[in-house]
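Undergrad: Quick one: sequence and predicted model below, then my questions.
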Amino acid sequence: MTQQSIAVIAGDGIGTEVVPAALDCLHAVASAHGLTFDLVGYPWGSEYFRAHGRMMPVDGLETLAAHDAVLLGAVGVPDIPDTETLWGLLIPIRRGFEQYINLRPVRTLAGVTGPLSTTEPIDFVIVRENNEGEYSEVGGRMYRGRENETAIQEAIFTRQGVARAARFAAELARGRRGLVTSATKSNGIVHTMPFWDEVVAETVADVGGVELEPVLVDALAAKMALKPWTFDVVVASNLFGDILSDLGSALTGSIGVAPSANLNPERRYPSLFEPVHGSAPDIAGKGVANPVGQIWSVVMMLDHLGHADAAHHLQASFEAVLAGGISTPDLGGTATTAEFTRAVLTEIDGRA
Ligand code: NAI
Ligand code: MG
C-alpha cells in the first residue's frame, strides 16, 4: 500500500489543543502497527481569516483533494460570525467532497457517568444527512432593519439525498440490531417531511431485513432522554441529526467524548473526521479540553483507511484510561488534556 496522506486542520479554540493530543496517539498506535502516514498540517481557520479575509485559500478544496482523509479540530470564534467561519471551511468541505453521511456513534463508556440514573448500556449510531435539508443556501433577507424586514430560508430535500442517507442507515442497521428509527416531523412540516417518510420507507424496504420505526422528532427527543438504550440506528435530516447528536452525546456523559465521520461513501473524495463539539471558547487556552472526541475521530479515520487493528488498539486504550478513573473536568475528573493524553500513550504502549 502506498503511504496514505492525511490533511490536518486544527482550526480554532480547543481544536488547537485536542488535535495535537490526538496526533500523539495516532503516531503511537501507527508505530505499534508498523504504519506510517504522511501528515500535512494546514493553518486554516480564524487566524488565517484575520490575515487573508478567508478561512482557507481559494484552491483549498483542490489541496485537500490530494489527501486520503482530513482530520479537523473545530472552527469558530466569538468575534467572527459563524456564517464566515463554518460556512468558509467546514460546510464547503462537506459539500464539495459530497460527504453526505455524517456518522455519529453514541455509546456509554466504562468509567463515564451520564446524567441518567440507569445502568442500561447505550449504543446507537446517528446517521445524519449532511449535504442538504434545512442547512441550505436558498433564501434571503429583505428590508433589513425596517419594520417589514423579512427572512426566508428554504429547506432542500431531494430523492437522491434522502435515499442515500436512508440506504446507508439501513445497511448499517443490518450489521447491527436491525432497527432504523427515522426522525420525522410530517405532522408539522407538510411538504418535505412526508416526502422524507416516503423515500425512507421505500429505501429501507428495498434494503430489506431491517425494521423501520418513524418517530416524530419531538417525541424522539423525549424518548432519547428517557430510553436511549432502545435505539440502534437513527436516521435524520441535517438539522434534526445535528440536534439529536448533541443530546445523545450529553446523555453518555459529555459532548467532549463524541466523535464523527463525514463520509463520502464512494471514496471519490477524502472523508473528514472531527469531534462533534465546537471550538469551546469558554475553556480554550486552559489546557483542560477533553481530547476523547478527537481521539475517537482518529479511530474512525483509521477504520475508514483500512486499519481496523490499529483502530481497535486506540479505542481500547482510551477506553481503558476512562475506565481506570482518569478524566478531564467535563467528566468530573481532574486530568488536564496533556495528563489524559499521556495516560492514553502509556496504555497504547502497554497493549502493543
Ligand atoms: P461547543 O461544542 O464548542 O461548546 C459547548 C459546551 O461544551 C461548552 O461549554 C464547552 O466548554 C463544552 N465542550 C465542548 N467540547 C468540549 C471538550 N472537548 N471538552 C470539554 N468541554 C467541551 O459549542 P458552542 O459553544 O455552541 O460553539 C462554539 C463555537 O464552535 C461556535 O463558533 C460554533 O459555531 C462552533 N462550532 C463548530 C463546530 C465545528 O467546527 N464542527 C461544531 C459546533 C460548533
Ligand atoms: Mg452540532
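TA: Now that the structure is in, tell me what you want to look at. Numbers count the residues shown, from 1 in each chain. Ligands and ions are numbered 1, 2, ... in the order given.

Undergrad: Would you indicate which residues of the host helix or strand of Leu314 are buried?
TA: Leu314 is part of helix 308-323 when elements are defined by DSSP states H and E. Of all the residues in helix 308-323, those buried under the rule 16 or more other Cβ atoms under 10 Å are Ala310, Ala311, His313, Leu314, Gln315, Ser317, Phe318, Glu319, Ala320, Val321, Leu322. In short, each C-beta sits where N, CA and C put it, glycine included.

Undergrad: Quick one: residues contacting Gly324.
TA: Gly111, Ala343 (Cβ atoms under 8 Å, 6 or more residues apart in numbering).

Undergrad: now it: how far from Arg342?
TA: 13 Å (Cβ to Cβ, to the nearest Å).

Undergrad: before we move on, what about Arg174?
TA: 40 Å.

Undergrad: Whatever residue of the stretch 251-352 of the chain ends up closest to ligand 1: neighbouring residues, count only.
TA: Nearest residue of the stretch 251-352 of the chain to ligand 1 (Cβ to the nearest ligand atom) works out as Gly278 at 2.4 Å. By other Cβ atoms under 10 Å, the residues close to Gly278 number 20.

Undergrad: just Gly332 next, same as before
TA: Neighbours of Gly332 under the rule other Cβ under 10 Å: 11.

Undergrad: residues in contact with it?
TA: Thr113.

Undergrad: Which residues does the helix or strand of the chain with the lowest mean pLDDT contact?
TA: Ranked by mean pLDDT, DSSP states H and E, the helix or strand of the chain with the weakest confidence is helix 82-85, at a mean of 92. Applying Cβ under 8 Å, 6+ apart, the contact partners of helix 82-85 are Asp12, Gly45, Ser46, Phe49, Met55, Val75, Gly76, Val77.

Undergrad: where exactly do the helices run in the chain?
TA: For the chain, the helices defined by DSSP state H cover 15-32, 46-52, 60-65, 82-85, 91-96, 159-174, 192-207, 217-226, 238-251, 292-304, 308-323, 337-350.

Undergrad: And the pLDDT at the residue of the stretch 1-150 of the chain found nearest ligand 1?
TA: Of all residues in the stretch 1-150 of the chain, Gly76 sits closest to ligand 1, at 2.3 Å by Cβ to the nearest ligand atom. Here the pLDDT value assigned to Gly76 is 96.

Undergrad: Kindly report the same for Met1.
TA: 58.

Undergrad: Likewise for Ser254?
TA: Ser254 is given a pLDDT of 89.

Undergrad: so what's it up against?
TA: By Cβ under 8 Å, 6+ apart, Ser254 lies in contact with Val112, Asn290, Asp330, Leu331.

Undergrad: And for Gly88?
TA: Gly88 neighbours (Cβ under 8 Å, 6+ apart): Phe49, Arg54, Met55, Met56.

Undergrad: wouldn't Glu339 be in contact with Ile326 here?
TA: Yes - counting by Cβ atoms under 8 Å, Glu339 touches Ile326, with 7.4 Å between them.
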